[in-house]
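> For reference, the sequence and a predicted model appear below.
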Amino acid sequence: MHTATPISEMSVSSRPASVRTTPGSALRVLHIVNRLDLGGTELGVLKVIRGLGCERFTHAICTAKGHRIETEQNWGLAGRVYDASTSGPAAKHLVLRFARVMRAFRPHIVHSRNWGCIEAVFAARLARVPVVIHSEHGYELEMLEGEPLRRRLLRHAAYAAADAVFAVTRDLRSYHARVSWTKESRIRVLANGVDTERFCKLGGDAARARIALGLPLNSTIVGSVGRLVPIKDHLTLLKALEMVVSKGSEIHVALAGDGSERPSLERFVANSPVLSGRVHFLGDTGDVPQVLRSLDIFVLPSISEGMSNTLLEAMSSGLPVVASRVGGNRELLEDSGAGLLFEPRNVSDLAEKLSTLLDESIRKKLGTTARSHVLSNYSLEGMMHRYRDLYRELAARRGILEGKTA
């Protein structure tokens, strides 16, 4: 079984990574993530690697806190994942460990994501990497209570040191500009995209998916896909469903994903005479399209959100969606009429929106609008063009492109 390359086995060469490409060669891109897991940010990185291909780009990933071996294997990344994680006294020297990875891989571009690996910006400068990019993809629960001065200062310094900084929504751009004392014009917006061919709903798919997942065939099924963690607030969804079911509606709930909140959610269901037998915990699944095909309504109840990949996937699948009025959810739904919004943590508001969607004609109209909106504005092809253009633009600016390299 392949394991990620440990720091101790890497070259300690101090030669700079700032080398030009030769005609016909590929740009080497090193993606830095906190963990290579099954979260939205990590899956987004994997989509970029697949979408840009290997003829004009050579990709590798470096993790700050490890990764799942099965993720590396399933995505064909064997030999291309570096693990900078460690424990003990060396754990605090993340900048030096990142820099050592960069000297080993010698990338033209380093692209770090989110707070968990912001030190990679400084490591890239230490390793003399030509192009340094940092991007922000979402919120953490503690960010909502205000960021400490040290973190704000470090963000400011990292953003200033990077060649480009971007966020996936306008809301995230405004937030990070404000907390880091950075001009909004310094932070770009590059929206996520979704594979609209993989995430689509065809006739007969719902029944087959429900049989495979053990879900009832003749009930309205409301569902959500994502980590079962506090910031996703699935408890509000369950409480809202209690209200709807108590009025006589035949509804079941399917929750795909796992996380720290699962035991407490299961206890809530077990203690609810209304929901008992109606909530299906599907766990982690590698077949998200199948889960979405089994649903009638998709709900994203997050307390905070960047730009949710699962929300885009549900919309692409032609599902009517209900999402909390936070972050990128507003940008996706507020002006487009592609879904319904409710106030975060407001059980009665969500219950009201779900009751509205018991009308099949309304569901069909919203689902059609949602898919059309994604096709026009959030396709995976469009996302790949945005990343390709950014990488090429910055590489050309640094003079590391020769001939038709990317």
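Ah, there it is.
> can you give me the strands in the stretch 301-406 of the chain?
For the stretch 301-406 of the chain, the strands defined by DSSP state E, counting those that start in this stretch cover 321-324, 340-342.
> elements contacting the last one?
Other elements packing on strand 340-342 under the criterion 3 or more Cβ pairs under 8 Å, 6 or more residues apart in numbering; DSSP states H and E are strand 321-324, helix 327-333, helix 347-356. Where you see a C-beta, it was placed from the backbone N, CA and C, and this is true even at glycine.
> Outside of the longest one itself, list whatever touches it.
Put plainly, it is helix 347-356. Helix 347-356 has contacts (Cβ atoms under 8 Å, 6 or more residues apart in numbering) with 222, 236-237, 239-241, 243-244, 247, 249, 251, 297, 299, 301, 322, 340-343, 362.
> Report the buried members of these.
Neighbour-count burial (16 or more other Cβ atoms under 10 Å) is assigned, among the contacts of helix 347-356, to 222, 236-237, 239-241, 243-244, 251, 297, 299, 301, 322, 340-342.
> Check which residues of stretch 275-289 are buried.
Residues of stretch 275-289 classed as buried: 275, 278-280, 282, 288-289 (neighbour count, 16+ other Cβ under 10 Å).
> swap that for stretch 246-266, sorry
So, applying 16+ other Cβ under 10 Å, buried residues of stretch 246-266: 251-258, 261-262, 265.
> hang on, the earlier thing: can the strands of the stretch 301-406 of the chain go into JSON lines with extra columns for distance to residue 80 and mean pLDDT?
Output for the strands of the stretch 301-406 of the chain, formatted as JSON lines (distance: least, Cβ to Cβ, whole Å; pLDDT from 0 to 100):
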{"stretch": "strand 321-324", "distance to residue 80": "35", "mean pLDDT": "97"}
{"stretch": "strand 340-342", "distance to residue 80": "40", "mean pLDDT": "97"}
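> Report the contact partners of the nearest residue to residue 283 once chain neighbours are set aside.
Closest residue to residue 283 apart from its sequence neighbours, by Cβ to Cβ, 6 or more residues apart in numbering: residue 258 at 5.3 Å. Contacts for residue 258 (Cβ under 8 Å, 6+ apart) come out as 227-228, 283-284.
> what ranges of the chain fall below the confidence cut-off?
Filtered on pLDDT under 70, the chain yields the residue ranges 1-24, 37-40, 54, 67-78, 86-92, 141, 144, 203, 402-406.
> domain ranges for it?
Domain segmentation of the chain under automatic domain parsing yields 5-193+380-397, 205-377.
> how about stretch 253-261 as CSV, C-alpha atoms only?
Listed next in CSV are the C-alpha coordinates belonging to stretch 253-261 (Å, rounded to 0.1, in the frame of the first residue of the first chain):
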residue,chain,number,x,y,z
VAL,A,253,-35.2,12.3,6.1
ALA,A,254,-31.9,11.0,4.6
LEU,A,255,-28.6,12.3,5.9
ALA,A,256,-25.5,11.4,4.0
GLY,A,257,-22.2,12.0,5.8
ASP,A,258,-20.6,11.4,9.1
GLY,A,259,-19.0,13.4,11.9
SER,A,260,-18.9,14.4,15.6
GLU,A,261,-22.6,15.3,15.8
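> Tell me the secondary structure at the residue in the chain sticking out farthest from the centre.
Of all residues in the chain, residue 248 has its C-alpha farthest from the mean position, at 36.3 Å, by Cα atoms, centre = their mean. Following DSSP: H, G, I helix; E, B strand; the rest coil, we place residue 248 in the coil state.
> returning to that earlier point: tabulate the strands of the stretch 301-406 of the chain (CSV), appending distance to residue 133.
As requested, the strands of the stretch 301-406 of the chain are exported to CSV (distance: least, Cβ to Cβ, whole Å):
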stretch, distance to residue 133
strand 321-324, 29
strand 340-342, 32
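> And those strands: which comes nearest residue 399?
Smallest distance to residue 399 across the strands of the stretch 301-406 of the chain (Cβ to Cβ): 44.0 Å, for strand 321-324.
> can you pull the contacts of residue 380?
Going by Cβ under 8 Å, 6+ apart, residue 380 touches 47, 51, 193-196.
> Those in helices, which ones?
Among these, the members falling in helices (DSSP state H) are 47, 51.
> What about the contacts of residue 380, which one has the most neighbours?
When neighbours are taken as other Cβ atoms under 10 Å, the top entry among those is residue 193 (26 neighbours).
> Hmm, that residue is touching residue 377, no?
No - if you go by Cβ atoms under 8 Å, residue 193 and residue 377 don't touch, sitting 9.1 Å apart.
> Tell me who's in contact with the nearest residue to residue 334 once chain neighbours are set aside.
With Cβ to Cβ, 6+ apart as the criterion, residue 334 has its nearest non-adjacent residue at 6.5 Å, and that residue is residue 341. Residues in contact with residue 341 (Cβ under 8 Å, 6+ apart) are 322-325, 329-330, 333-334, 353.
> And those residues, which of them are buried?
Using 16+ other Cβ under 10 Å, the buried ones in the contacts of residue 341 are 322-324, 329-330, 333, 353.
> mind putting those residues in JSON lines, distance to residue 142 included?
What follows is the buried ones among the contacts of residue 341, written out as JSON lines (distance: Cβ to Cβ, whole Å):
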{"residue": "322", "distance to residue 142": "26"}
{"residue": "323", "distance to residue 142": "22"}
{"residue": "324", "distance to residue 142": "18"}
{"residue": "329", "distance to residue 142": "20"}
{"residue": "330", "distance to residue 142": "22"}
{"residue": "333", "distance to residue 142": "26"}
{"residue": "353", "distance to residue 142": "28"}
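> Just flag the most distant two among those residues.
Farthest pair in the buried ones among the contacts of residue 341 (Cβ to Cβ) is 330 and 353. Separation: 14.7 Å.
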